[in-house]
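Colleague: No sequence on hand, only this structure:
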């Protein structure tokens, strides 16, 4: 009887210890799952935000000269007096072609980010990054902020290092993805 009681009590204690261990492992596993899924969401959000930012910055800088050039295509009365009818007609056709191209570019500008939104998104992205590990990305975001914060700027003098930014973002995403893989291995 004593052996049976000892055996029964040790079985109950073993079951209790097993339950505590299982509960702890379950909580740890759930915690890792939450962290992993949040990190994956963060990676996707930051990747999308960088994509929108870079496409708007690149489009803006590559096409703003075309908009600026359109404003200088005004035909004044003095010029008209100096040219023939055929030259006026040719200039009018050329002006209309440029106007169509310019209007198309302006429509594209409307779908992209404004200068203020580019600055805003750059600042938002800076706040999501690690200042030590992502210093190069933050430096380029600062270049974008400085460039687009100026009321009027000459795009030919801007030095935004797109390729470096894209490369550094890829490295950051790779580091984060490696962390996700390490966390899932700990399960």
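Modeller: Cool, the structure landed. Just so we're clear, the structure is a prediction, and the values are computed from it rather than from any experiment.

Colleague: Mind giving me the packing neighbours of the longest helix along the chain?
Modeller: For the chain, the longest helix by residue count, based on DSSP state H, is helix 2-71. Helix 2-71 is packed against helix 85-111, helix 115-127, helix 135-149, helix 162-185, with contacts defined by 3 or more CB pairs under 8 Å, 6 or more residues apart in numbering; DSSP states H and E. The way it works is simple: take the backbone N, C-alpha and C, and place the C-beta from them, glycine included.

Colleague: I'd like to know which elements the second one is packed against.
Modeller: Right, helix 115-127. Judged by 3+ CB pairs under 8 Å, 6+ apart, the packing partners of helix 115-127 are helix 2-71, helix 135-149.

Colleague: Confidence-wise, which of those is weakest overall?
Modeller: Lowest mean pLDDT of those: helix 2-71, a mean of 75.

Colleague: relative to helix 115-127, how tilted is that helix?
Modeller: Orientation check (axes from the mean of the first three to the mean of the last three CA atoms, to 10 degrees): helix 2-71 against helix 115-127 gives 150 degrees.

Colleague: what's the angle between helix 2-71 and helix 135-149?
Modeller: Going by the same axes, to 10 degrees, helix 2-71 makes 40 degrees with helix 135-149.
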